[in-house]
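# my questions are about this predicted structure, shown below with the sequence.
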Amino acid sequence: DVANGTILDGFTITGGNANADPSASGGGLYIFRSTLTVARCKITANNAADGGGVANVGGAPVFFDCRFTGNTSTFNGGGMRNDDSKPTLDNCIVSGNLSASGGGMSNFSLINNTNPIIRNTVFLGNHGSGTGGAISNLSTSPVIVNCSFSGNSAPNTGGGVFNNVSVSEAFSAPVLTNCIIWGNSSIFSLTGNLTTITYSIVQGGFQGTGNLNLNPLFLSQPPIGLGSTGDLRVQTCSRAVNGGLNSANPTQIDLVGNPRIVLGTIDMGAYEVQSQPDCCPPGNVLYVNASATGSNNGHSWANALTSIGEALQKSELCPWVTEIWVAGGTYKPTSGTDRNASLSLKNGIGIYGGFAGTETARSQRNLEVNPTILSADIGVPNDRNDNSYHIFSNTNIGPSAILDGFTLTGGNANGSPGIQGNTGA
């Protein structure tokens, strides 16, 4: 036990192994009915039956600027286990932790008394070998604000967050605001459907005020599974920028200590973009030229984007863009060699080829002089066997999706029968 008001600051806690009764919880830290403050600590490579990194029983400890990495537990909470405890986590990273349930964190209560507050925190690459890759909630209602979840996994359910009901029939009702949940093995398991999410990016969509189902454009998307690689800061053109609710987060700094509100409205996720985005053009056209050498923002021919895929993605961020002008040259569905990669037409967007790269009106283009080629030859040159299955792959598009002035060549839909790569080059 520790006295209330105690501070532990600036330590690395590693190698704890709480693997036998009565000491089977909290391999790194076991905190019992305390308001201990743990700041700027690394809690790494610890093990326990429950709460590999930390076990909180009762109390309301505070964790600030801590790193929970590579901890394991047999049953619940690889990084942290909370039993009838109300911890606060601010500006923490929970990554690469492993448990049967709640790879990153497990919250449990028979009396619905475990309601952590989690802000400006990243959950990355945690794994629940049963349920709850990032977080598992059992009759608990955590408040989660400006957190980023990606790369978390579970084979059964709730790769992101798993919610369940206890023997007392008390449902979990977590509240998430200003969060990003993207690139996990699955999103949620929602027993009782009491989860509230607002002003967040949720892959697959989730009903709630201010929510989006759009790629957040992480600087480096982590792979799904146990690990700690990836960078969950967002690019300046992300729709997460200025997408949050200011009143939800009373803290003054983001995960890395930068000011929390820079451009008038708080961002979604654990990080705040610090510069004015230069994303959308003033008009309705994005420009593409494979040989452009400018700033690559697509606002003009001089600063054209260099791939059609970039322009299509950017058009999602700029609702007034209705046309993409493409200069003569050869373009491919991907810069890599993945045969499954393809482009997708979008309703309300016209893609026009045949430009020289100086025009100011669509009527000035010349298709014969400026041939614009979409080629599936992404592998060994002139070897059809490793070409893209499809140059474009589309579902549910109407007449407002336009492709005009291109030569499409080399598509090779020779995949196995009955799968996507078998029809329609």
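Thanks, I have the structure now. Numbers count the residues shown, from 1 in each chain.

# output stretch 137-156 in CSV with nothing but the alpha carbons.
Written as CSV, here are the backbone C-alpha positions of stretch 137-156 (Å, rounded to 0.1, in the frame of the first residue of the first chain):
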residue,chain,number,x,y,z
ASN,A,137,-15.1,-3.7,-20.3
LEU,A,138,-17.1,-5.8,-17.9
SER,A,139,-19.9,-3.7,-16.3
THR,A,140,-17.8,-0.6,-16.5
SER,A,141,-18.3,2.8,-18.3
PRO,A,142,-15.0,4.4,-19.1
VAL,A,143,-14.9,8.0,-20.4
ILE,A,144,-12.5,8.0,-23.4
VAL,A,145,-11.5,11.4,-24.9
ASN,A,146,-9.1,12.2,-27.8
CYS,A,147,-7.7,8.7,-28.0
SER,A,148,-6.4,6.8,-31.0
PHE,A,149,-7.0,3.1,-31.6
SER,A,150,-5.2,1.2,-34.4
GLY,A,151,-3.5,-2.1,-35.0
ASN,A,152,-5.3,-3.8,-32.1
SER,A,153,-6.6,-7.3,-32.6
ALA,A,154,-8.6,-10.1,-31.2
PRO,A,155,-9.6,-13.3,-33.0
ASN,A,156,-13.1,-13.6,-31.5
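
# buried sites along that stretch?
Going by neighbour count (16 or more other Cβ atoms under 10 Å), the buried part of stretch 137-156 is 137-154. Every residue, glycine included, has its C-beta placed from N, CA and C.

# by mean pLDDT, point me to the weakest helix or strand of the chain.
strand 188-190 (a mean of 59; mean pLDDT, DSSP states H and E).

# so what does the following helix or strand past that one touch, helix or strand wise?
Following strand 188-190 in sequence order, the next helix or strand is strand 196-198 (DSSP states H and E). Judged by 3 or more Cβ pairs under 8 Å, 6 or more residues apart in numbering; DSSP states H and E, strand 196-198 is in contact with strand 175-177.

# helices or strands up against the strand it packs on?
Judged by 3+ Cβ pairs under 8 Å, 6+ apart, strand 175-177 is in contact with strand 143-145, strand 196-198.

# in CSV, list those along with distance to residue 343 and mean pLDDT.
What follows is these, written out as CSV (distance: least, Cβ to Cβ, whole Å; pLDDT from 0 to 100):
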stretch, distance to residue 343, mean pLDDT
strand 143-145, 36, 96
strand 196-198, 31, 94
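
# need those strands in a markdown table with distance to residue 344, can you?
Formatted as a markdown table, these follow (distance: least, Cβ to Cβ, whole Å):
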| stretch | distance to residue 344 |
| --- | --- |
| strand 143-145 | 32 |
| strand 196-198 | 26 |
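
# buried residues in stretch 214-232?
Residues 214-218, 221-222, 224, 226-228, 230, 232 are the ones in stretch 214-232 that count as buried (16+ other Cβ under 10 Å).

# quick check: the farthest pair among those residues?
Using Cβ to Cβ, the two most remote members of the buried residues of stretch 214-232 are 214 and 226, lying 26.9 Å apart.

# low pLDDT regions in this structure?
The chain contains residues with pLDDT under 70 at 1-4, 111-113, 157-170, 187-193, 416-425.

# distance check, the residue nearest in space to the middle of it against residue 411.
Residue closest to the mean C-alpha point of the chain, counted by Cα atoms, centre = their mean, is residue 182 at 3.2 Å. Separation of residue 182 from residue 411 (Cβ to Cβ, to the nearest Å) stands at 30 Å.

# quick one: residue 274 and residue 261 touch, right?
No: if you go by Cβ atoms under 8 Å, residue 274 and residue 261 don't touch, sitting 10.9 Å apart.

# assign the residue nearest to residue 242 when sequence neighbours are not counted to helix, strand or coil.
Distance criterion Cβ to Cβ, 6 or more residues apart in numbering; nearest residue to residue 242, sequence neighbours excluded, is residue 265 at 4.1 Å. The assignment at residue 265 comes out as coil when based on DSSP: H, G, I helix; E, B strand; the rest coil.

# now do the helices in the chain.
All helices of the chain, identified by DSSP state H, fall at 308-317.

# restrict stretch 115-131 to CA atoms and write it as PDB.
This file holds the C-alpha atoms of stretch 115-131, laid out as PDB (Å, rounded to 0.1, in the frame of the first residue of the first chain):
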ATOM      1  CA  ASN A 115     -15.000   4.000 -14.700                       C
ATOM      2  CA  PRO A 116     -11.600   5.100 -15.900                       C
ATOM      3  CA  ILE A 117     -11.000   8.500 -17.500                       C
ATOM      4  CA  ILE A 118      -8.600   8.100 -20.500                       C
ATOM      5  CA  ARG A 119      -7.500  11.200 -22.500                       C
ATOM      6  CA  ASN A 120      -4.900  12.000 -25.200                       C
ATOM      7  CA  THR A 121      -3.800   8.300 -25.200                       C
ATOM      8  CA  VAL A 122      -2.800   5.900 -27.900                       C
ATOM      9  CA  PHE A 123      -3.800   2.200 -28.000                       C
ATOM     10  CA  LEU A 124      -1.700   0.500 -30.700                       C
ATOM     11  CA  GLY A 125      -0.900  -3.100 -31.500                       C
ATOM     12  CA  ASN A 126      -2.400  -4.700 -28.400                       C
ATOM     13  CA  HIS A 127      -3.800  -8.200 -28.700                       C
ATOM     14  CA  GLY A 128      -6.500 -10.000 -26.800                       C
ATOM     15  CA  SER A 129      -6.100 -13.700 -27.600                       C
ATOM     16  CA  GLY A 130      -9.800 -14.100 -26.800                       C
ATOM     17  CA  THR A 131     -11.600 -10.800 -26.800                       C
END
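
# list the buried ones in it?
So for stretch 115-131, counting by 16+ other Cβ under 10 Å, buried means 115-116, 118-131.

# residues in contact with the residue nearest to residue 242?
Listed by Cβ atoms under 8 Å, 6 or more residues apart in numbering, the contact set of residue 265 reads 242, 243, 244, 246.
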